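J.: Here is my input, please return the structure:
(chains A and B)
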Amino acid sequence: MFRKLLQHRFLFEELVKRDFKKKYKRTVLGMGWSLLSPLLMLLVMKLVFTHFFGRNTPHYTIYLFCGNLVFNYYSESTKSGMRALMDNAKIFSKVTVPKYLFLLSKNVQTFISFLLTLVIFFIFVAFDHLAFTWKFLCLVYPICMLILFNIGVGMILSAMYIFFRDIQYLYDVFVRLLMYMSAIFYQIDSYGETARKLFLLNPVYLFIRYFRKIVIEATIPSVWFHLLMAADVAIALGVGCVMYKKYNTRFLYYV
Amino acid sequence: MSVLEVKNVSIRYMTGDFKEIGLKEYVMRRLTRNYHVNEFWADKDVSFTLDEGEMLGIIGSNGAGKSTLLKAVSGIMEPTEGRVKRRGNVAALLELASGFDGELTVKENAYLRGAMLGYTRKFMDETYDEIIEFAELHDFQDRPFKQLSSGMKSRLAFSIASMVQPDILILDEVLSVGDGAFRKKSEAKMREIIARGAATILVSHSLAQVQELCTKVLWLEHGEQIAYGDTAVICGLYQQYLDKAVTLDQARAIWAALNEKYDYLIVGSGLYGSVFAREMADKGKRCIVIDKRPQLGGNVACEDIEGITVHKYGAHIFHTDNEAVWEYVNRFTAFRPYTHRVMAVSGEKEYSLPFNMKTFEQLWGVKTPEEAKKKLASQRPRLDHEPKDLEEQALALVGKDLYKTLIKGYTEKQWGRPCKSLPADVIKRIPLRFTEDDRYFEDEHQGIPEGGYNGLIEKLLEGIPAATEMSYEKLVNAFPDIAKKTVYTGPIDEFFGYELGQLEYRSLRFETETLEQEDSQGHAVVNYCEKKPLYTRIVEHKHLSGQKSPKTVITREYPREWVPGREAFYPVSDERNLALYEQYLDLAKERPDVIFGGRLGEYQYYDMDETIAVALDRAAQEL
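T.: Residues are numbered from 1 along each chain as shown, chains lettered A, B, ... in the order given. Okay, the predicted model is just below:
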């Protein structure tokens, strides 16, 4: 796959370029929106939820930011990934190109937005008088995992979207639901033991939790936590790859 | 070794499954028990191979499965059944103008497309200027793509795509891109690529283009392979199909028939060819008949106009004294009894033909044979030498009145030159009847087949494969070994490519017209014996067939010079031509596998009964 990727480097670059241009065409701020929109979201949440949840939560802004950072990346990446195949149907029904290129290109775009937001995030961290420890290096692990996880989910969604257009609405609802279940703006301490365990089944929560542990609590999660995350990623990516492999030549019939 | 091998490829589309109709519709249809998954085979069992430097044309109506097949060939689609084997890289130029992004600029699109086609950035950087130059879009480079006209879009697409040097090049309707000037440029470019040795597949709705460029052709229709092979033959068949001259099944049957082997290839489906074929087929020999005309039957072919059977190539009245021949033809068709009489018009007066007592009365007012004979004798000039031209010959036979009124003008029109410069032996004998018998033919059996001659020909050729609009040259080019022996009923000099010079023929031009009246001339045939009008006769077809109709169809017959390419009707049997024919016969001895037969093959005027008699004879000799 990597050799193929290398072989199609030029196409990949051009696709990424195209996706960027299309996303920000005729907007005044352009890339600025990638920064501004999560910040505005953060501001709104901060204003609304501080009253209810923020009082008992130390570093509530950062707490919120961790959740938003991860969740926005996940949601944008998978939502745009879902359309990646469909949007490029005209191309792959005429030229033989590896179809995952379209998905990867979208992911590159959302990843760059994510990185920009991450920089802002660190600035916020600094302002909040949280210490930058060597443990911050561990963040590389959840970030890499999140990239792969997003790609995997994107593959599954984009394949399903071709066969089953209703998925776009279902997924919208699902994402909203997931947001509320990912403990973005509240703490899960008030739930019982079993309920807290159930949260661990939500992969997005795992990523958020990882960030909070490192940044706010300055502790490294357990090995099991790492493995659980890896398992989630492996499943998503595995299913995605299998679907692409299986339906590679059948997508054409339904676009 | 073939670059591309497509073997038994079938491609199926599923329509109406739940992936296509969506969940709600799926549930609804399940509930109402209305859920069906339909299979649709875009291509069924298609096979072909392509070698280096070859160019395959794919033809067929819309929805024939051409584009789907190309997708399988280029690897975009996987065939449902069968396999595609490629050796080398494929460049597919399919539906060029689509697949661009309207929001991006021309330049960005160019790079993106280049990338899709597998070019490298370096290659694009190097050729970008050339591409823009070729597409003539220099001033549009930074415009959004959606502002371009569709012609410009196609031009850009073509320019980018044609920068490659693939092993297999697939062109789907791309040679008809842009305006006339650009089309020329793009065709030149394509030829350049092909000339460099690429194997090419061309899909085009322009038959002329396919015929000009392709070394072989695949004809698809409704996903099925109708024919695959020789360009000229298949394009001809396809054209006939488009003209609705043949149905799809007929076309398929003809192609299948052409691909078999025969004992006899019979060129020309006139009476000679048809009778010969019938005789051979009855003896268990395998025969195939071809004709270059759009219908079978040679000069006896009929067509239906306004419910009237029209003899397409002049009035044909069957008459014979040959019992065997009469019996033979009656095996195949019933005859309508018909006695042929011909009227002649000269100087606004009508005369009876052939010359009989009625004619003499109309001409001179004489009543008895004695008076007529006396008058004739007084008309004949005294000659102290053998007649040296046709005029002298005719005057010696019938005298000046008959000659001037009824022979001179007609004969000169017929031969296209004055009687004085025609040889005397063109007319050997002029019958003079001193009775009231005005029958044109004195033969015992006379008639016209019920419903015209087509029925006779059909019966004769029953169960024998026949292809129309198929010249001998075209056929042998495609199937050199189709038959052991050939029966050639076309002009013998044409067969040998006129290598000893041209034999002369007379040709005819027919001008058929439907008149909004019940009757135009009251006779089947009226001859016009003066210099003007230019036609020699008018045939009114309903009097031949006895059909009733409020309308009538007439045909004017204009004699004309024969030049190669025109229909040859009569051999000009003078000394020079007969000598030349003898030389051709010598040449024919070197081709014992070819039998020359019929009026043109034997360079001899035959009536229908004589034609049948010689065909029967020749067939008997063969057996």
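J.: ok, B:Trp110 touching B:Ile160?
T.: Slight slip there: residue B:110 is Ala, not Trp. Yes: using C-beta atoms under 8 Å, B:Ala110 is in contact with B:Ile160, at 5.9 Å. Heads up, the C-betas are built off the backbone N, CA and C, glycines and all.
J.: what is in contact with those two at once?
T.: B:Ile131 (C-beta atoms under 8 Å, 6 or more residues apart in numbering or on different chains).
J.: so what pLDDT did B:Ala72 get?
T.: The model reports B:Ala72 with a pLDDT of 88.
J.: residues contacting the residue in the stretch 401-550 of chain B that chain A sits nearest to?
T.: Proximity of the stretch 401-550 of chain B to chain A (C-beta to the nearest C-beta) peaks at B:Ala478, 34.6 Å away. Neighbouring residues of B:Ala478 by C-beta under 8 Å, 6+ apart: B:Gly229, B:Asp230, B:Ala232, B:Val233, B:Leu258.
J.: Quick check: it vs B:Glu187, distance?
T.: Applying C-beta to C-beta, to the nearest Å, the value for B:Ala478 to B:Glu187 is 25 Å.
J.: same deal with B:Ser154?
T.: B:Ser154 is 14 Å from B:Glu187, by C-beta to C-beta.
J.: For stretch A:195-205, give me every contacting residue.
T.: Contacts to stretch A:195-205, defined as C-beta under 8 Å, 6+ apart, come from residues A:70-71, A:74, A:149, A:178, A:181-183, A:188-189, A:191, A:206, A:228-229, A:232-233, A:236.
J.: let's see it at 10 Å
T.: Residues outside stretch A:195-205 that contact it (C-beta atoms under 10 Å, 6 or more residues apart in numbering or on different chains): A:67, A:70-71, A:73-75, A:145-146, A:149, A:153, A:175, A:178-179, A:181-184, A:188-192, A:206, A:208-209, A:224-225, A:228-229, A:231-233, A:235-236.
J.: Buried only: go through those for me.
T.: A:67, A:70-71, A:73-75, A:145-146, A:149, A:153, A:178-179, A:182-184, A:206, A:208-209, A:225, A:228-229, A:232-233, A:236 (16 or more other C-beta atoms under 10 Å in any protein chain shown).
J.: hang on, the earlier thing: per-residue confidence for the residue of the stretch 401-550 of chain B closest to chain A?
T.: pLDDT recorded at B:Ala478 is 92.
J.: Then the one 3 residues further on?
T.: We note a pLDDT of 92 for B:Asp481 in this prediction.
J.: And the one 10 residues further on, by the same measure?
T.: Note on B:Pro491: pLDDT of 93.
J.: wait, what's in contact with it?
T.: Counted by C-beta under 10 Å, 6+ apart, B:Pro491 has contacts B:498, B:502-503, B:505, B:562, B:564, B:568, B:571, B:584, B:596, B:598-601, B:603.
J.: follow-up on the earlier one: just the ones in helices from the contacts of stretch A:195-205, please.
T.: Those of the contacts of stretch A:195-205 mapping onto helices are A:67, A:70-71, A:73-75, A:145-146, A:149, A:153, A:175, A:178-179, A:181, A:206, A:208-209, A:224-225, A:228-229, A:231-233, A:235-236, per DSSP state H.
J.: how about the strands of the stretch 501-623 of chain B, start to end?
T.: Using DSSP state E, counting those that start in this stretch, the strands of the stretch 501-623 of chain B run over B:505-515, B:525-528, B:537-540, B:552-561, B:570-571, B:594-596.
J.: Tabulate those in a markdown table, adding columns for distance to B:Lys66 and mean neighbour count.
T.: Output for the strands of the stretch 501-623 of chain B, formatted as a markdown table (distance: least, C-beta to C-beta, whole Å; neighbours: other C-beta atoms under 10 Å in any protein chain shown):
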| stretch | distance to B:Lys66 | mean neighbour count |
| --- | --- | --- |
| strand B:505-515 | 40 | 15 |
| strand B:525-528 | 52 | 21 |
| strand B:537-540 | 47 | 22 |
| strand B:552-561 | 43 | 19 |
| strand B:570-571 | 48 | 20 |
| strand B:594-596 | 40 | 21 |
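J.: Quick check: which of those strands is nearest to B:Leu456?
T.: When the strands of the stretch 501-623 of chain B are compared by C-beta to C-beta, strand B:537-540 sits nearest B:Leu456, at 19.0 Å.
J.: all helices of the stretch 351-500 of chain B, in order?
T.: B:357-364, B:369-379, B:390-402, B:408-415, B:453-460, B:472-478, B:492-495 (DSSP state H, counting those that start in this stretch).
J.: Go through those helices and name the closest to A:Tyr244.
T.: Smallest distance to A:Tyr244 across the helices of the stretch 351-500 of chain B (C-beta to C-beta): 47.1 Å, for helix B:472-478.
J.: one step back: which stretch in the strands of the stretch 501-623 of chain B is the model least sure about?
T.: Mean pLDDT values for the strands of the stretch 501-623 of chain B show the minimum at strand B:570-571, a mean of 88.
J.: And for A:Lys245, the neighbour number?
T.: When neighbours are defined as other C-beta atoms under 10 Å in any protein chain shown, A:Lys245 has 8 of them.
J.: tell me which element it falls in.
T.: Assessed by DSSP states H and E, A:Lys245 sits inside helix A:223-247.
J.: follow-up on the earlier one: neighbour-wise, give me the winner out of the contacts of B:Ala478.
T.: Busiest of the contacts of B:Ala478 [other C-beta under 10 Å] is B:Leu258, holding 23 neighbours.
J.: what residues are up against that one?
T.: Shown here is B:Leu258, whose contacts under the criterion C-beta under 10 Å, 6+ apart are B:227, B:229-230, B:233-234, B:237, B:288, B:290, B:465, B:467, B:470, B:475, B:478-479, B:482.
J.: Where does pLDDT dip in the stretch 101-250 of chain B?
T.: Applying pLDDT under 70 to the stretch 101-250 of chain B flags residues B:174-178.
J.: Check the burial of B:Gln414 by counting its neighbours.
T.: Neighbours of B:Gln414 using other C-beta under 10 Å come to 17.
J.: Point to the residue nearest the middle of the chain.
T.: Because you didn't say which chain, this covers chain A. By C-alpha atoms, centre = their mean, the mean C-alpha position of chain A lies nearest to A:Tyr74, the distance being 1.9 Å.
J.: look at chain B instead
T.: Most central residue of chain B, judged by C-alpha distance to the mean C-alpha position with C-alpha atoms, centre = their mean, is B:Glu469 at 2.5 Å.
J.: wait, isn't that residue in contact with B:Val246?
T.: Yes: B:Glu469 is within contact range of B:Val246, at 9.2 Å (criterion: C-beta atoms under 10 Å).
J.: got any residues that touch both of those two?
T.: Residues touching both B:Glu469 and B:Val246 by C-beta under 10 Å, 6+ apart: B:Leu237, B:Gln239, B:Gln240.
J.: Using ChimeraX, make a named selection holding only the buried ones among those.
T.: Buried members of these, defined by 16+ other C-beta under 10 Å, are picked up in ChimeraX with:
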select /B:237,240
